[in-house]
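Visitor: Next input, structure requested:
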Amino acid sequence: MKAILLLLIGLGFSWVPVYAGVFETSAGYSVHHSSYNGGSYTTGSSLTGSFGYYFTQDSEVEFSYQDSNTQEFVPSVQDIHYRDRVYSLNLMYHFANEGAPIRPYVRFGVGQLNRDATGSYQGGYSPAGRLDQVTVIGGLGVKAKISTRFGIKAEGTTYLSGGNISTWQDNFNISVGGSFYF
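Guide: Purely as a prediction, here's the structure:
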């Protein structure tokens, strides 16, 4: 009876193509600086790392980490520093064939945002010191394979505070990095 049940289950999944999975580990970095009138500025950097597994030729599941630092300074108004750490689990879909030299992709996932804020506003007020919340991850990118084991990538990602799509531009990052495949 068990053998028949296992055979039926096996036949039920026989439509799923067999694919020998590929692992990918990636790292990226970005930096930004904006100067405004009167000595005001915003500056920051972001470091990302990820580990992914291709369960089909086009689909990948990935664990990702992002560590961002941002400072916002307006003389006599505010001097605030944010450190955001985002841990996420993402599903990625690649649009070109596995052998294509350039592969655009989309990223969707869920993550945990841990934000530490320090500094002060005009009048001596301080930002909330700690914010921890679940967040939605979204992004677009492109990968270019240099060899069978190494590639470069560029991507734009956002984490949506509280899952609210209207906040996409508040936590948007563009990074450039590399990937190793094994």
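
Visitor: quick one: the residue most central in space within the chain and Leu91, what's the gap?
Guide: Geometric centre of the chain, nearest residue: Thr157, 5.5 Å, by CA atoms, centre = their mean. Note on Thr157: its distance to Leu91, by CB to CB, to the nearest Å, is 13 Å. Heads up, the C-betas are built off the backbone N, CA and C, glycines and all.

Visitor: what's the overlap in contacts for those two?
Guide: Common neighbours of Thr157 and Leu91, counting by CB atoms under 8 Å, 6 or more residues apart in numbering, are Arg107.

Visitor: Adjacent strands (with direction) for the longest strand along the chain?
Guide: The residue-count maximum for a strand in the chain (DSSP state E) belongs to strand 102-121. Here strand 102-121 is paired, per DSSP bridges, with strand 78-94 (antiparallel), strand 130-145 (antiparallel).

Visitor: looking at these, which one has the lowest mean pLDDT?
Guide: Among these, strand 130-145 carries the lowest mean pLDDT, a mean of 91.

Visitor: So for it, what gets flagged as buried?
Guide: 135-139, 141-143, 145 (16 or more other CB atoms under 10 Å).

Visitor: For Ser161, state which of those is nearest.
Guide: Thr135 (6.3 Å; CB to CB).

Visitor: Heading C-terminal from the worst-scoring helix or strand of the chain on mean pLDDT, find the next helix or strand.
Guide: Counting by mean pLDDT, DSSP states H and E, the weakest-scoring helix or strand in the chain turns out to be helix 2-12, with a mean of 49. Note on helix 2-12: by DSSP states H and E, the next helix or strand toward the C-terminus is strand 22-35.

Visitor: Quick one: work out the angle between that following strand and strand 130-145.
Guide: 120 degrees (axes from the mean of the first three to the mean of the last three CA atoms, to 10 degrees).

Visitor: Whatever helix or strand comes next after strand 22-35: partners in the sheet, and parallel or antiparallel?
Guide: Counting by DSSP H and E, the next helix or strand C-terminal to strand 22-35 is strand 41-54. Next to strand 41-54 in the sheet, as set by DSSP bridges, lie strand 22-35 (antiparallel), strand 59-74 (antiparallel).

Visitor: List the buried residues in strand 41-54.
Guide: Applying a neighbour-count criterion of 16+ other CB under 10 Å, one finds 44, 46-48, 50, 52, 54 buried in strand 41-54.

Visitor: do stretch 161-175 as well
Guide: For stretch 161-175, a neighbour-count test (16+ other CB under 10 Å) marks 161, 167, 171, 173, 175 as buried.

Visitor: which one of the residues you listed is nearest Glu72?
Guide: For the buried residues of stretch 161-175, the nearest to Glu72 is Asn171 (13.5 Å; CB to CB).
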